[in-house]
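> give me a model of this one.
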Amino acid sequence: MKLVRYRSATGERPGLILDGEVFDLAGSFTVLNPRAPTFEDLAAIAAVPVKTLPKVHAGAVLGPPLRGIGKIIGVGLNYREHAEETGLALPKEPTLFLKATSALCGPADDLVMPREAKSVDWEVELGVVIGKPGVYIAERDALDHVLGYCIGIDFSDRDFQFNRGGQGFKGKSADTFAPLGPFLATPDEIIDPQDLPLRLGVNGKLRQSGSTRDMIFSVAELVSYISRFMSLQPGDVILTGTPAGVGFGQKPPVYLKAGDVVTASIDGLGEQTHKVVAGG
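Residues are numbered from 1 along each chain as shown. As a prediction, this is how the structure comes out:
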């Protein structure tokens, strides 16, 4: 199942994709209008013949595939080659940080540069969405808590992150710095989350090309580990780290500027495209 949220004259509405067409869920599943789906919602949707649902007009603009997110948890330095390009030692435990939920945006929205930004960087990531609550989750049970997967980009301003005092949170949380989508794929759509190629390009030039095989800590390890420090709730999103090729790792570093176009893709999870625009 591929779940989306599409934009209409009355606001974002939940839907799903079948055979390349979007079908509306808002009328039959009103509980999904304000919040993220759960496993119970998936079971109810699966019981309905999709093609009996209203069809959404072709070309509808997609927003992020879920709302009602409680928290966005980022994982730093979770790919071996990325750790090497930064010159940092491989972590012994997952490095965690938070992104503000107000940074959430859709898969084709503009990336808006903060007014004082000097060094906005890109990081394509596998997004993992939690579907049922848990704390102290055993690693063997961790994937049972995963509702689905999507593309995420952890946009970051490196000057805010490293040079403006305190934690890196302020470099990660500007509006539009957390695009998700285009759709949320349920686990049956993804054979192995540890065997997914990821790519990101800027202005048509490939900058990142890697695979989730290179993760230091697997999806199951991350879900289990994070649940030792905080409860995980339906709708929580884990951004699981990025492969090598970020702008910060170039010599000299290369950062985004207004007019650039960023594309990101993960096999089986679609593609995002963002135009970079100057903030007001």
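> let me see the mean pLDDT of stretch 51-69.
Stretch 51-69 shows a mean pLDDT of 94.
> quick one, what contacts F162?
G168, G171 (Cβ atoms under 8 Å, 6 or more residues apart in numbering). Heads up, the C-betas are built off the backbone N, CA and C, glycines and all.
> now with 10 Å, please.
Applying Cβ atoms under 10 Å, 6 or more residues apart in numbering, we find F162 in contact with S119, S156, G168, G171, F248.
> excluding covalently adjacent residues, which one is nearest to the third one?
Going back to what we said before, that points to G168. Nearest residue to G168 in three dimensions, chain neighbours excluded: Q161, at 4.2 Å (Cβ to Cβ, 6 or more residues apart in numbering).
> any idea how far that neighbour lies from K99?
Distance of Q161 to K99, computed by Cβ to Cβ, to the nearest Å: 11 Å.
> more crowded one of these two?
Per other Cβ atoms under 10 Å, whichever of Q161 and K99 has more neighbours is K99, with 26 against 18.
> give me every residue that touches A26.
5-6, 8, 10-15, 32-33, 53-54, 56.
> also L96?
L96 touches I73, G74, V75, G76, L222, Y225, I226, F229, M230, I238, counting by Cβ under 10 Å, 6+ apart.
> pretty sure the first one sits in a strand.
Yes. Going by DSSP: H, G, I helix; E, B strand; the rest coil, the assignment for I73 places it inside a strand.
> count of residues packed around it?
Counted with other Cβ under 10 Å, I73 comes out at 22.
> surely it and G241 touch.
No. Using Cβ atoms under 10 Å, I73 is not in contact with G241, being 11.2 Å away.
> in the worst-scoring helix or strand of the chain on mean pLDDT, which residues are buried?
Within the chain, no helix or strand scores below helix 80-86, which has a mean of 83 by mean pLDDT, DSSP states H and E. By 16 or more other Cβ atoms under 10 Å, the buried positions in helix 80-86 come out as H82, A83, E85.
> same deal with stretch 6-16?
Y6, E12, R13, P14, G15, L16.
> and the residues you listed, which two are furthest apart?
Farthest pair in the buried residues of stretch 6-16 (Cβ to Cβ) is E12 and L16. Separation: 14.1 Å.
> could I get the average pLDDT for stretch 232-252?
Averaging pLDDT along stretch 232-252 gives 95.
> can you give me the end-to-end span of that stretch?
39 Å (Cα to Cα, to the nearest Å).
> what's the offset of it from the middle of its chain?
Relative to its chain's centre, stretch 232-252 lies at 9 Å (Cα atoms, centre = their mean, to the nearest Å).
> so where is the stretch 151-280 of the chain shaky, pLDDT-wise?
280 (pLDDT under 70).
> what ranges does it have for its strands?
156-157, 178-179, 184-185, 197-202, 205-211, 237-239, 261-266, 271-278 (DSSP state E, counting those that start in this stretch).
> of those, which approaches I130 most closely?
Closest to I130 of those is strand 237-239 (Cβ to Cβ; 7.4 Å).
> sorry, back to before: pipe the buried residues of stretch 6-16 into JSON lines and attach pLDDT and secondary structure per row.
Below are the buried residues of stretch 6-16 laid out as JSON lines (pLDDT from 0 to 100; DSSP: H, G, I helix; E, B strand; the rest coil):
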{"residue": "Y6", "pLDDT": "97", "secondary structure": "strand"}
{"residue": "E12", "pLDDT": "93", "secondary structure": "strand"}
{"residue": "R13", "pLDDT": "95", "secondary structure": "strand"}
{"residue": "P14", "pLDDT": "96", "secondary structure": "strand"}
{"residue": "G15", "pLDDT": "96", "secondary structure": "strand"}
{"residue": "L16", "pLDDT": "96", "secondary structure": "strand"}
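> just send those back as CSV, with distance to G68 too.
As requested, the buried residues of stretch 6-16 are exported to CSV (distance: Cβ to Cβ, whole Å):
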residue, distance to G68
Y6, 16
E12, 11
R13, 14
P14, 11
G15, 16
L16, 17
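> for those residues, which one is nearest P37?
P14 (7.7 Å).
> now for I73 and G241: what residues contact both?
P94, L222.
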